[in-house]
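> dropping the sequence and predicted coords here.
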Amino acid sequence: MLQCAQLEPYSEKEECEFNQGIKETMISIKIFYNHFNLLKISCNTIFLLLIFCLNNLSANNQNVPEWLVYRGDQKLSGFSNAIMPDSLQLSWLFEADDAIASSAVIIENMVIFGCADGNLYALDLENGKILWKFSQPYSFEAPPLVIDDKVYIGSVEGIIYCLKIEDGTLVWKYATDGQILGSANFIQHNDEDRIDIIVGSYDNYLYNFDSATGEIIWKFETTHFINGTPAVADDRIVFGGCDALLHVLNSEEGKEIYSIDMHDYVAGAPALSDGKAFTGNYGGTMSCTNITNGQIIWSFGNREEQGPIVSSPAVSDSYVIFTSRDNNVYCLNKNTGRPVWTFTAAGSIDSSPVIAGGKVIFGTSNGRIILLDLISGQLVWQYNTGSKITASPSIINDVIIIGTEDGTLYKFIIK
């Protein structure tokens, strides 16, 4: 049997020395504690703050778990809080049978994208293997949208599809009278459970569907094709089209509040931030518009100096970044529209940029995936895919997904 050793009692002298040591230690602890009390911080609080910081340092790439809509959010900001290092490493690639112009969405362990071969693919994010695919006769160029357990996508035939995300089973579909090239977006109603899906068509209408049933809630008619994705902020829907107007609608009833002359047709989507819409046009002009009063705050560029803008801008707290067919990437001051820097690529650029982790990432017509420093515009890293890129990058955590015109989908990870 294990027994405890018998301890000899302290002598009086030893006990006095021990007690004095305890007293001095307690005084030191009290002084230490009182110093922190001046800052209103307890030792427990400091300990918890340290744990919080350490957890964030060890898991700082877990803050962007999903990319569910074109450009990353309802406002189409093209901004991500994901980590972006100075170089990336190829993880896997998937080869489809035709061009990939559709930007991908990412949810949990799945990446979903449309293809010109008529398939909507769902791949395993980890290894790039097919989980399921939905096939129909016509090309998918529009990016998909994920809401809860459903995925929505429009085809060049003009049909909007709603599918189950678990296996790609069709839930409902609706045929418009023109092709659909832009992604759908969604409206969340605060006072009811219904979520609406909005999408534009080449039949000149912006449609609002009940996401669960496919029932048309309302539709708004313009005078020309609607190319891009509608942006949503609060109770406003903002979109442009071939009528060269920026439309601002009330999201509840689809009633127009303003239409602002953009002076040339709008091929891409606006990005919304702080009550403003940042919109590029085919004439090479980027404009900032107040969506509360419909007034243009500033404009930059013109047809004589800049090439057509068919992409969508990315917006951060301080900057607006956009690409152009004149081979340039432009960074403007968000508040004034004044140029900050310009980067010239070796080919024209239809791919919409994304701002992430102090970097700007996009693709080019000569097949490069390019990473720039956000502040300086200097080249940080590039990768040659060998094929034209019109799709935009999708980013979560330490993962970047982008497709090319030769039908290859790439997954890059932090190196």
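All right, it came through fine. Numbering: from 1, shown residues only.
> when you work out contacts or count neighbours from here on, use the C-alpha atoms and nothing else.
Noted.
> separation between the closest residue to Asp149 other than its chain neighbours and Ile153?
Sequence neighbours aside, Ile165 is the residue nearest to Asp149 in space, at 5.4 Å (criterion: Cα to Cα, 6 or more residues apart in numbering). Counting by Cα to Cα, to the nearest Å, the gap from Ile165 to Ile153 is 12 Å.
> between these two, who's got more neighbours?
Ranked by neighbour count (other Cα atoms under 10 Å), Ile165 and Ile153 place Ile153 first, with 26 against 20.
> just to be sure, the more buried one is in a strand?
Yes: checked against DSSP: H, G, I helix; E, B strand; the rest coil, Ile153 lies within a strand.
> who does the strand or helix carrying Leu372 pair up with?
Using DSSP states H and E, Leu372 falls within strand 368-373. Sheet pairing of strand 368-373 (DSSP bridges) gives strand 359-363 (antiparallel), strand 379-384 (antiparallel).
> now find how far off-centre it is within its chain.
Counting by Cα atoms, centre = their mean, to the nearest Å, strand 368-373 is centred 17 Å from the centre of its parent chain.
> before we move on, what about stretch 83-94?
On the basis of Cα atoms, centre = their mean, stretch 83-94 sits 17 Å off its chain's mean C-alpha point.
> give the buried residues for stretch 256-272.
By neighbour count on 16 or more other Cα atoms under 10 Å, the buried set for stretch 256-272 is 258-260, 262, 264-272.
> which one of those residues is nearest Ile414?
Ala271 (27.0 Å; Cα to Cα).
> show me the contacts for the closest one.
By Cα atoms under 8 Å, 6 or more residues apart in numbering, Ala271 lies in contact with Lys75, Leu76, Ser77, Gly78, Ala231, Ala277, Phe278, Thr279, Ser312, Pro313, Ala314, Val315.
> would you mind giving those as a markdown table with neighbour count and pLDDT added?
Formatted as a markdown table, the contacts of Ala271 follow (neighbours: other Cα atoms under 10 Å; pLDDT from 0 to 100):
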| residue | neighbour count | pLDDT |
| --- | --- | --- |
| Lys75 | 25 | 98 |
| Leu76 | 25 | 98 |
| Ser77 | 26 | 98 |
| Gly78 | 27 | 98 |
| Ala231 | 28 | 98 |
| Ala277 | 26 | 98 |
| Phe278 | 26 | 98 |
| Thr279 | 28 | 98 |
| Ser312 | 32 | 98 |
| Pro313 | 31 | 98 |
| Ala314 | 27 | 98 |
| Val315 | 25 | 98 |
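> what's across from Lys133 in the sheet?
Tyr121.
> residues in contact with it?
By Cα under 8 Å, 6+ apart, the contact set of Lys133 is Asn119, Leu120, Tyr121, Ala122, Gly168.
> rerun at 6 Å
Lys133 makes contact with Leu120, Tyr121, Ala122 under the criterion Cα atoms under 6 Å, 6 or more residues apart in numbering.
> and the gap between it and Val399?
22 Å.
> any chance you could list what contacts the strand holding Leu372?
Applying Cα under 6 Å, 6+ apart, the contact partners of strand 368-373 are Lys359, Val360, Ile361, Phe362, Gly363, Gln378, Leu379, Val380, Trp381, Gln382, Tyr383, Asn384.
> what about it, average pLDDT?
Averaged across strand 368-373, the pLDDT comes to 98.
> then that strand to PDB, C-alphas only?
Provided in PDB are the C-alpha atoms of strand 368-373 (Å, rounded to 0.1, in the frame of the first residue of the first chain):
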ATOM      1  CA  ARG A 368      -3.100  35.100 -66.100                       C
ATOM      2  CA  ILE A 369      -4.400  35.000 -62.600                       C
ATOM      3  CA  ILE A 370      -2.900  38.100 -61.000                       C
ATOM      4  CA  LEU A 371      -2.400  39.200 -57.400                       C
ATOM      5  CA  LEU A 372      -1.700  42.900 -56.700                       C
ATOM      6  CA  ASP A 373      -0.900  44.800 -53.500                       C
END
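> neighbour-wise, which one of the contacts of Lys133 leads?
Using other Cα under 10 Å as the neighbour criterion, Ala122 leads these with 26 neighbours.
> on that earlier part again, can the strands paired with strand 368-373 go into a markdown table with extra columns for mean pLDDT?
A markdown table is the format used below for these (pLDDT from 0 to 100):
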| stretch | mean pLDDT |
| --- | --- |
| strand 359-363 | 98 |
| strand 379-384 | 98 |
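> tell me which of these lies nearest to Ile187.
Ile187 lies closest, by Cα to Cα, to one member of those: strand 359-363, at 27.7 Å.
> buried residues, stretch 282-300. List them.
Taking 16+ other Cα under 10 Å as the criterion, stretch 282-300 shows 282-291, 294, 296, 298-300 as buried.
> ok, stretch 334-349 next?
Here stretch 334-349 shows Lys334, Gly337, Val340, Trp341, Thr342, Ala345, Gly347, Ser348, Ile349 as buried, counting by 16+ other Cα under 10 Å.
> now the end-to-end length of it.
In terms of Cα to Cα, the two terminal residues of stretch 334-349 are separated by 21 Å.
> cool, and stretch 205-219?
This stretch, stretch 205-219, spans 6 Å end to end (Cα to Cα).
> ok, now stretch 152-161?
Using Cα to Cα, first and last residues of stretch 152-161 are 6 Å apart.
> ok, now stretch 206-215?
For stretch 206-215, the first and last residues are 14 Å from each other (Cα to Cα).
> do the same with stretch 377-397
With Cα to Cα as the measure, stretch 377-397 spans 23 Å from end to end.
> buried residues in it, which are they?
For stretch 377-397, a neighbour-count test (16+ other Cα under 10 Å) marks 377, 379-382, 385, 387-397 as buried.
> in strands, which of those residues appear?
Leu379, Val380, Trp381, Gln382, Ser394, Ile395, Ile396 (DSSP state E).
> so where's the stretch 51-200 of the chain shaky on pLDDT?
Where the stretch 51-200 of the chain drops to pLDDT under 70, the residues are 51-64, 191.
> and the closest residue to Leu181 other than its chain neighbours, what is it in contact with?
Spatial nearest neighbour of Leu181, excluding adjacent residues (Cα to Cα, 6+ apart): Ala142 at 4.7 Å. Neighbour list for Ala142: Ser102, Leu181, Gly182, Ser183 [criterion: Cα under 6 Å, 6+ apart].
> kind regards, and thank you for your time.
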